[in-house]
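[1] just a sequence and a predicted model for now, questions to come.
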Amino acid sequence: MSQNDIVKEFNAYKQELQGLASKAGELEMEIEEHKLVIDTIKPMEPERTCFRLINGVLVERTVKEVLPALEANLEGISKIISVIMEQYKKKETEFIEFQKKNKIRDGQINQS
């Protein structure tokens, strides 16, 4: 493997890890938004009207209709984050092995 190939693969690993971390961060923010909305509407009357954005369309629903959907979404997002974090850990382990194999320290390629 040439030094150029090593650099390309090194950068690809870094980019993929950054992408996974970024996606996990975005989903964490969505979780916080869902929790905020759930905490806000939970004490409200079940028949109270609320609005929910679905595929870019604002629809009128009741709290008792929206709350279970929000809680299900929250659970689904949490599961997705778990999967992403597993992928991240696996890719990070591969990256560390790649660095050891190619004698890379602190992003510097050792020529030997």
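    Structure received. Residues are numbered from 1 along each chain as shown.

[2] checking Pro46 next. Helix, strand or coil?
    coil (DSSP: H, G, I helix; E, B strand; the rest coil).

[3] what sits against it?
    Contacts for Pro46 were tallied using Cβ atoms under 8 Å, 6 or more residues apart in numbering; they are 62-64. (Each C-beta comes from the backbone N, C-alpha and C, glycine too.)

[4] what's the closest of the residues you listed to Glu45?
    Taking Cβ to Cβ as the measure, Glu45 lies nearest Val63 of those, at 6.8 Å.

[5] I'd assumed Ile41 was in contact with that closest one.
    Yes - using Cβ atoms under 8 Å, Val63 is in contact with Ile41, at 5.2 Å.

[6] what about this protein, any weak spots by pLDDT?
    107-112 (pLDDT under 70).

[7] for Val59, see how far away the residue nearest the centre of the chain is.
    By Cα atoms, centre = their mean, the chain has its centre lying nearest to Ala24, at 2.0 Å. Separation of Ala24 from Val59 (Cβ to Cβ, to the nearest Å): 29 Å.
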